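Participant: Structure, please.
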Amino acid sequence: MIPAASGRTIAAVWKGLKQSLMDVIPWLAAAYVLICVGAYFGYRQFMYYPDPMRVAPAEAGLSGVEEIEIEADDGTALVAWYAPAREGQPTILYFHGNASNAANRADKIDIMREDGEGVFYLNNRGYGGSAGKPTEANNVGDALTAYDYLTTRLGVPADKIVVFGESLGTGQAIKLAGERPVAAVVLEAPLTSTVDVGKSVYFWLPLSLIIADKYANERNIDAVKAPVLILHGAKDSVIPVEMGKRVYRAANNPKHIEIFPEAAHYDLFDRGAWDKARAFLESRGK
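Facilitator: Okay, here's the model as predicted:
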C-alpha cells in the first residue's frame, strides 16, 4: 500500500502538472496560429526563387534567338526569348521551374533547337528581367498571354505549338493546354500539387488552407485533350517520381511516360530526355 502522505504528494504533483499543462496550451495554440498566419502571408518566399538578372541570348551563347518584350494583361512588362522554327517544325512554348531563367536554361534551349524546332521561352515575373512578382494567377495568365502573342503576333498556328513545362512550370503548361488548343504537352518532373510537395516537410501545417498557389496538376490535367508526355527521374528528391506517375494516371489518352532510372531532378536532359520527347512528337507527326 502507498502511505497516505505519499499518495497526497503524488496527487499534488499530478494536479500541479495538469495546471501547468493547462497554462501552456493556450500559449502553444497561439504560437501555432501565429506560425500558420506567417506561413499564409509568406509561403511564396519558399515557393519561388526568382533570378532577376536579364541576360541577352547572345551573352548566354545562343545565336538565332531574339529577346522580346511583351505586355501582360495588367501592363506588367515580360521578357521572352524567341527562336523561330524551321518550316514544318513545331515551336516549343517553354515554362520554367522556380529557380530558373532563360540564361541558365540556354543549354536546354539549344538542344531543343537541334532539329529545327522553334522555342518561345517566357521568363515569369521576377525572373530574367521580367517585372512584377510571381503567383499562380499571374503565371497562368502570363502563359495565356505568351500563347496569344505566339499565335497572333508571330503567326505560329496552334497545331504547331508544343507546350513544355519544367517542374513548377508544369502547372502553367497544364492550365494553358486545358484552355487553348495545342499540338502536344511535354511535362518534365511534374508535381501533383504544391500542397503535396509541401506536406513532405510541413506535414504539421494545414497547407491546403495556407497555400493559394496550389498548381493542382493531378486535378487540372483532366482538361487537357492534347497528347501528353511525362519525363521523370527515378532518383528525383525534389518532386518524387510517384508524383509524375500520379499525373500520368490522371491524364487523358493519348499519353506516355518515360522514367529515367539514374536521373534526379535537374539532369533529365543529360540522360536523353529530349531524345525521348522528340521521338514522341515525331510519332504523332508534330
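Participant: helix, strand or coil for residue 50?
Facilitator: Following DSSP: H, G, I helix; E, B strand; the rest coil, the label given to residue 50 is coil.
Participant: ok, how many other residues are close to it?
Facilitator: By other CB atoms under 10 Å, the residues close to residue 50 number 19. C-betas here are computed from N, CA, C, even on glycine.
Participant: what's the spacing between the closest residue in space to it that isn't next to it in sequence and residue 89?
Facilitator: In space, and not counting its chain neighbours, residue 50 is closest to residue 126: 3.5 Å by CB to CB, 6 or more residues apart in numbering. Relative to residue 89, residue 126 is positioned 31 Å away (CB to CB, to the nearest Å).
Participant: picking that back up, isn't the residue nearest to residue 50 right up against residue 49?
Facilitator: No: counting by CB atoms under 8 Å, residue 126 sits too far from residue 49 to count as a contact (9.4 Å).
Participant: So between those two, which is more surrounded?
Facilitator: Between residue 126 and residue 49, counted using other CB under 10 Å, the more crowded position is residue 126 (18 against 14).
Participant: pLDDT at the more buried one, what is it?
Facilitator: Confidence at residue 126, expressed as pLDDT, is 96.
Participant: likewise residue 31?
Facilitator: Residue 31 is given a pLDDT of 67.
Participant: and if you look at residue 211?
Facilitator: 87.
Participant: my guess is it meets residue 199, correct?
Facilitator: No: the criterion here is CB under 8 Å, and residue 211 misses it with residue 199 at 10.2 Å.
Participant: more neighbours, these two?
Facilitator: More neighbours surround residue 211 than the other of residue 211 and residue 199, with 22 against 14 (other CB under 10 Å).
Participant: Phi and psi next, for that one.
Facilitator: In this entry, residue 211 is assigned phi and psi values of phi -90, psi 120 (degrees, to the nearest 10).
Participant: and it, what is it in contact with?
Facilitator: Applying CB atoms under 8 Å, 6 or more residues apart in numbering to residue 211 gives the contacts 43, 47, 194, 195, 198.
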